[in-house]
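Trainee: got a predicted structure here, sequence first:
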Amino acid sequence: MKLPPLPRLWLGLAVLAGIYFAAGKLGLRLAFEHASATAVWPPTGIALAAMLLYGYRMWPAIFVGAFLVNATTAGSAWTSLGIAAGNTLEGLLGVWLVRRWASGCGAFDRARDIFKFAALAGLLSTTVSATVGVTSLTTAGYAGWDRFAAIWLTWWLGDVVGALVVTPVLVLWGTDRIVRFKWADAFELSMVLASVILVGGFVFDDLGFAVASNYPLEFLCIPPLVFAAFRFGQREAATCVALLSGIAIRGTLEGFGPFVRISQNESLLLLQAFMGTLTIMSLPLAAVVREHARAQAALARAAAIVTSSDDAIIGKTLDGLITTWNEGAARLYGYSAPEVIGQPLSIIIPPEMGESELPKILEQLRRGEPIDNYETVRMAKNGRRIDVSVTVSPIRDASRRIVGASSIARDITRRKEIEATARERDILRSVASLAAGAAHEINNPLAVVIGQAQLLIDDSAATRRRRLEEILEAGERIHAIVARMKHLTRIEIMEKAASLPEMLDIMRSSEPDTGGGLEAAVAGRQATSPYLVIVAHEQQSRYENLKDTFADESAGVILDRRMGERRRRHVPVEVERRRGDRRRHDVTADLQKHGWVIVLNGSTSSAPVPSGGVSA
């Protein structure tokens, strides 16, 4: 059953106080300079780790644990309160400094934060406990002032090494308790731990030769720690250091190892200085290796993005020499990377633009100014001009100096074509509107002219009547043209006839094949020729007049008078025409199915207008 928050907090405080008390009593068993001062003090690391992981609210447990440790060891209740206050302030100050300047619980993720932790929590905050504790003992008469410095050094160094050795192990395992090793990795880690134990026993115990038991072989401890730092990371490296520290303390107290001196306190001080040095060496090394691995992974992801991008991404120096070239650039410009690496950027800039554009871009980059969405023209390997939108950004090194530039180019040729088509379509629509308006304006005076001419015919002599009849005939032709212009509502450009219904495709025939003539005829026409397609629904809009008025020699006209009459022009004479009735079918549904707009008497259906075609 899960406890409520408040009882769970009190239980946690009680457990922490008990752990602190047990670790303190164990450390004071090694107090040789004074009963309350020891060179081995793991409670400092326990206090820092507890408050880093669970917050400042854990300070009562630190205070109670420290008080109980000292009250049951030496001194009075007042000295025990002073020492407990110093130990608690030490932990609070150390945690505040680490959270403020060294990333808190993430202090062991980066090398610079590890050094900050060592300086702030290891060297600085520990002076509070040593100063307050030794002052409490000397002022109460439990220690002489002549021994103040020796007791203070022992107290301070024990707290420093407790912070450096114990805190990383607890924090790293507390923030990441999951073991993600495969069997091979677990076996490798077990071999590393075994090598640490073996080396520790050889250097600090009697596993080696008796004559070599006190030789300066401490350097043998470095390789397994370095390997653990390189291979596994900070958590495992800190674990190996703590394991080696326990072996070394035990061996040194038994008189083995290179740090054994006449005084056991002196031996422990030398050993603790060595263990603190190993910690400061191995943990930053592990952090640097992990940072490098993360940077490599980030670079690999960035390289994969650049490589797989459809945009052309090019790196270049400030002199305009190409340094990197991705697959998108190869597809866009036609050059492979080996062909252009080391070549000047002018290889893809049209000659008429290179002298003016490139120096201006390079000068702007030298000033550190980016270039955003700059539309220009580039030249492919085959000489084809490509409309592109270019973004150029300066590349800076670690010292923020500009050492090059990267450009991202996107092909906007299709967008330019669409914009040009839209402009032409707008012009044609304006022409259609103008034609319809002009037809209405011309129609009224033209009717007057025709009417007056008809009246003059009846009152004129025979010689003048012939001329009036010619005038009347010309007026009627003008009237017919005006009538057609009145019914014109939309003119649009069509690039090709591929999207037409089959029965309306100019490139196909409604007549049956008569032995290859049709294929020959179709092959004779260019599929990419422009087509002006007109769909009309008024009897006045005759095929021939529409053809003569709006189409050139390379264009075709479609006329649909509800019954689907289809015309096809420019078919060679040798193609035999189909005999009999033409196919009768209403093509309105077919046109709408393929996205065409059908205009009936000035009203438009809901289907979208395609990229080409004319409706009237």
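Mentor: It's in. Since the model is a prediction, treat every value here as computed from it, not as a measurement.
Trainee: from Ser195, how far off is Ser336?
Mentor: Going from Ser336 to Ser195 by C-beta to C-beta, to the nearest Å gives 50 Å. Yep, even glycine has a C-beta here, placed from its N, CA and C like the rest.
Trainee: what about the two, which has more around it?
Mentor: Set side by side, Ser336 and Ser195 give different neighbour counts by other C-beta atoms under 10 Å, the larger being at Ser195 (16 against 13).
Trainee: which SSE is that one in?
Mentor: The secondary structure element spanning Ser195 is helix 183-204 (assigned by DSSP states H and E).
Trainee: which of the residues in that helix are buried?
Mentor: Within helix 183-204, the residues that count as buried by 16 or more other C-beta atoms under 10 Å are 188-189, 192-193, 195-197, 199-204.
Trainee: cool, stretch 69-79 as well?
Mentor: Of the residues in stretch 69-79, those buried by neighbour count under the rule 16+ other C-beta under 10 Å are 69-71, 73-75, 79.
Trainee: what about that stretch, how long is it end to end?
Mentor: From the first residue to the last, stretch 69-79 extends over 12 Å; the measure is C-alpha to C-alpha, to the nearest Å.
Trainee: rewinding a little: save the buried residues of helix 183-204 as a markdown table, and put in distance to Ala39 and pLDDT too.
Mentor: Converted to a markdown table, those look like this (distance: C-beta to C-beta, whole Å; pLDDT from 0 to 100):
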| residue | distance to Ala39 | pLDDT |
| --- | --- | --- |
| Glu188 | 34 | 91 |
| Leu189 | 30 | 91 |
| Val192 | 28 | 94 |
| Leu193 | 25 | 94 |
| Ser195 | 27 | 95 |
| Val196 | 22 | 95 |
| Ile197 | 23 | 94 |
| Val199 | 22 | 93 |
| Gly200 | 18 | 92 |
| Gly201 | 22 | 90 |
| Phe202 | 23 | 89 |
| Val203 | 19 | 90 |
| Phe204 | 15 | 90 |
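Trainee: tell me the one of those nearest Asn382?
Mentor: Glu188 (55.5 Å; C-beta to C-beta).
Trainee: so that closest one is in contact with Arg231, correct?
Mentor: Yes. The pair Glu188 / Arg231 is scored as a contact, 6.9 Å apart, by C-beta atoms under 8 Å.
Trainee: follow-up on the earlier one: redo the buried residues of helix 183-204 as JSON lines? Include distance to Leu446.
Mentor: JSON lines is the format used below for the buried residues of helix 183-204 (distance: C-beta to C-beta, whole Å):
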{"residue": "Glu188", "distance to Leu446": "100"}
{"residue": "Leu189", "distance to Leu446": "101"}
{"residue": "Val192", "distance to Leu446": "104"}
{"residue": "Leu193", "distance to Leu446": "107"}
{"residue": "Ser195", "distance to Leu446": "109"}
{"residue": "Val196", "distance to Leu446": "109"}
{"residue": "Ile197", "distance to Leu446": "113"}
{"residue": "Val199", "distance to Leu446": "113"}
{"residue": "Gly200", "distance to Leu446": "115"}
{"residue": "Gly201", "distance to Leu446": "119"}
{"residue": "Phe202", "distance to Leu446": "119"}
{"residue": "Val203", "distance to Leu446": "118"}
{"residue": "Phe204", "distance to Leu446": "119"}
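Trainee: what's the closest of those to Thr413?
Mentor: For Thr413, the nearest member of the buried residues of helix 183-204 is Glu188. The distance, counting by C-beta to C-beta, is 56.0 Å.
Trainee: quick one: contacts for the closest one?
Mentor: Taking C-beta atoms under 8 Å, 6 or more residues apart in numbering as the definition of contact, the neighbours of Glu188 are Arg231.
Trainee: how near is it to Gly55?
Mentor: From Glu188 over to Gly55 the distance is 36 Å, taken as C-beta to C-beta.
Trainee: what's the burial count for Pro445?
Mentor: 9.
Trainee: now swap in the one 10 residues further on and tell me
Mentor: Summarising burial for Leu455: neighbours were counted as other C-beta under 10 Å, giving 11.
Trainee: what's the first helix or strand after the helix or strand encompassing Leu358?
Mentor: Taking DSSP H and E as the definition, one finds Leu358 inside helix 351-366. The helix or strand immediately downstream of helix 351-366 is strand 371-379, counting by DSSP H and E.
Trainee: for that following strand, buried residues please.
Mentor: Of the residues in strand 371-379, those with enough neighbours to count as buried (16+ other C-beta under 10 Å) are 371, 376, 378-379.
Trainee: can you redo these as CSV with pLDDT?
Mentor: Shown next, in CSV, are the buried residues of strand 371-379 (pLDDT from 0 to 100):
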residue, pLDDT
Ile371, 80
Thr376, 88
Arg378, 90
Met379, 91
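Trainee: mind putting those into CSV with distance to Ala330?
Mentor: Output for the buried residues of strand 371-379, formatted as CSV (distance: C-beta to C-beta, whole Å):
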residue, distance to Ala330
Ile371, 23
Thr376, 20
Arg378, 13
Met379, 15
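Trainee: and the furthest pair within these?
Mentor: Applying C-beta to C-beta across the buried residues of strand 371-379, the maximum distance is between Ile371 and Met379, 18.9 Å.
Trainee: that's a helix at Gly94, yeah?
Mentor: Yes. When the secondary structure is assigned by DSSP: H, G, I helix; E, B strand; the rest coil, Gly94 falls within a helix.
Trainee: against Ala102, how distant is it?
Mentor: Looking at Gly94 against Ala102, where the rule is C-beta to C-beta, the gap reads 10 Å.
Trainee: those two: which is more packed in?
Mentor: Neighbour comparison, Gly94 and Ala102: the larger count goes to Gly94, with 27 against 22 (by other C-beta under 10 Å).
Trainee: didn't that one look like it was pressed against Ser129?
Mentor: No. Gly94 is beyond contact range of Ser129, at 9.5 Å (criterion: C-beta under 8 Å).
Trainee: longest helix in this protein, by residue count?
Mentor: The single longest helix within the chain, with elements called by DSSP state H, is helix 413-459.
Trainee: quick one: work out the angle between that one and strand 371-379.
Mentor: Inter-element angle recorded for helix 413-459 and strand 371-379: 70 degrees (by axes from the mean of the first three to the mean of the last three C-alpha atoms, to 10 degrees).
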